[in-house]
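Student: Fold the following and give me the result.
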Amino acid sequence: MKYIYLGWTTTGRMNYAREWHTASVLTNGKVLVTGGFGEGGAGRLNSAELYDPSTETWITTDSLKYPRSGHTASVLTSGKVLVIGGLGENGSLNSAELYDPLVGLWITTGPMKYGRQWHTGSLLSNGKVLVIGGMNESGGGLKSTELYDPSTGTWTTTDNLKYSRNGHTASLLTNGKVLIAGGLSDHGGLNSAELYDPSTEIWTITGKMNYARNLHTASVLANGKVLVTGGFGKSGRLNSSELYDPSTGTWTITGNMNYPRDYHTASVLANGKVLVTGGENLFGLLNTAELYDPSTEIWTTTGNMNSARNLHTASVLTNGKVLIAGGDNYIVLNSAELYQSF
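Tutor: Next up, the predicted model:
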């Protein structure tokens with residue numbers, strides 16, 4: 001049975017309940033979900049599954065070589081998916097794996113120099129993948145960054161961050177540079193931001209955010225600016241939002257969300273608006289969703305999700321709909337739902 005609620009419809013359930021997983025839109029339009037943390041003592045998962053938007057169903061595919069949560073997944077220019085690091089059964093992982101959609105199989109590729117979790121991974125315009133920061137198995141923050149070259153299947157270390165951080169965001173700007181913002185260091189929350197230039201492989205400091213935050217989101221808008229939303233700050237969960245302008249290297253405050261939240265998702269829609277979903281605040285888990293209009297810098301509420309959730313994924317499908325999968329609602333969820341803007 002399908003349920004419809006103001007722009008949201010339920011869709012097929014995943015075969016496995018999961019949170020802290022990844023979701024990647026493949027070149028064939030299907031969505032690959034990998035790993036995460038399972039329900040009922042299942043622990044970290046090595047399972048992977050595919051969502052087909054044409055049938056709204058999930059099928060299992062080849063399992064990861066290593067169970068992992070808090071990892072990253074990047075769709076390479078070849079169409080393969082690179083899964084990196086995360087938390088395994090025995091601590092932070094340095095292993096990486098490649099999924100080939102044409103054959104539906106995983107293979108191991110070169111390991112990183114450092115095991116890490118809660119890091120970010122960004123596909124650069126040159127086809128390499130930049131992995132940034134994160135946390136090591138002892139809980140310490142990392143300054144190290146590494147580059148994966150798909151042509152050789154190997155990693156090389158590159159310039160260190162100015163500040164160790166995890167729980168940050170990473171955004172590929174239209175000029176090819178990578179902006180990282182916020183996160184947690186060993187000394188607390190950060191409002192600092194840094195820029196990576198692939199042509200020089202060097203990090204430089206850029207303007208500071210107005211608010212320190214971690215567990216926030218960052219979205220590159222059609223105008224090239226970066227919208228940062230919510231997260232956890234010095235006074236608790238935030239409803240504030242800020243815009244980074246790459247042309248000036250500065251941040252400006254923009255409209256506040258209607259609800260403070262962290263552990264939420266943000267998706268740039270085909271119409272240029274940004275959809276924020278779920279998360280958590282002082283009063284518990286959220287089923288609320290909001291839309292940011294860059295032309296007015298105002299947030300408006302949209303229909304609520306069918307299930308409150310955090311630690312979920314959000315994927316913009318090729319048909320323009322947004323697929324929400326899994327997460328936590330005091331139990332780990334296998335449910336999924338679709339958002340369509342009107």
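Student: how about low-confidence regions in the stretch 51-200 of the chain?
Tutor: Of all residues in the stretch 51-200 of the chain, none has pLDDT under 70.
Student: name the element residue 157 belongs to?
Tutor: strand 154-158 (DSSP states H and E).
Student: Remind me what that strand packs against, helices and strands.
Tutor: Judged by 3 or more Cβ pairs under 8 Å, 6 or more residues apart in numbering; DSSP states H and E, strand 154-158 is in contact with strand 145-149. All C-beta atoms are positioned from the backbone trio N, CA, C, and that covers glycine.
Student: Neighbouring strands - and their directions - for the strand it packs on?
Tutor: Strand 145-149 has its sheet partners listed here by DSSP bridges as strand 129-132 (antiparallel), strand 154-158 (antiparallel).
Student: which outside residues touch it?
Tutor: For strand 145-149, contacts defined as Cβ atoms under 8 Å, 6 or more residues apart in numbering pick out 82, 84, 96, 109-110, 112-114, 128-133, 154-161, 196, 201, 203.
Student: what about residue 301, how many neighbours?
Tutor: When counting by other Cβ atoms under 10 Å, one arrives at 13 neighbours for residue 301.
Student: again, but for residue 284
Tutor: Per other Cβ under 10 Å, the neighbour tally for residue 284 reads 10.
Student: Wait, it touches residue 308, no?
Tutor: Yes - counting by Cβ atoms under 8 Å, residue 284 does reach residue 308; the two are 7.5 Å apart.
Student: sorry, back to before: which of the contacts of strand 145-149 are buried?
Tutor: Burial by neighbour count, 16 or more other Cβ atoms under 10 Å: within the contacts of strand 145-149 this picks out 82, 84, 96, 109, 112, 114, 128-133, 155, 158, 161, 196, 203.
Student: Residue 322 - nearest residue in space that isn't next to it in sequence?
Tutor: Counting by Cβ to Cβ, 6 or more residues apart in numbering, residue 322 lies nearest to residue 339, which is 4.2 Å off, once chain neighbours are set aside.
Student: so what's the one you found bridging to?
Tutor: With DSSP bridges as the criterion, residue 339 is bridged to residue 8, residue 322.
Student: so what pLDDT did it get?
Tutor: Looking at residue 339, its pLDDT is 98.
Student: Residue 95 versus that one, what's the distance?
Tutor: Counting by Cβ to Cβ, to the nearest Å, the gap from residue 339 to residue 95 is 34 Å.
Student: who's more crowded, those two?
Tutor: More neighbours surround residue 339 than the other of residue 339 and residue 95, with 23 against 20 (other Cβ under 10 Å).
Student: and that one, what is it in contact with?
Tutor: Applying Cβ under 8 Å, 6+ apart, we find residue 339 in contact with 7-8, 275, 277, 289, 302-303, 305, 321-322, 324.
Student: repeat that for 6 Å
Tutor: The contact partners of residue 339, taken as Cβ atoms under 6 Å, 6 or more residues apart in numbering, are 7-8, 322.
Student: what do you get for residue 256?
Tutor: Counting by Cβ under 6 Å, 6+ apart, the residues that residue 256 touches are 239-240.
Student: can you check the one 5 residues further on too?
Tutor: For residue 261, the set of contacting residues under the criterion of Cβ under 6 Å, 6+ apart consists of 230, 279, 281, 286.
Student: ok, now with 10 Å
Tutor: 215-217, 229-232, 237-239, 276-281, 285-286, 288, 290, 310 (Cβ atoms under 10 Å, 6 or more residues apart in numbering).
Student: Please check the residues you listed and keep the buried ones.
Tutor: 215-217, 229-232, 237-239, 276-281, 285-286, 288, 290, 310.
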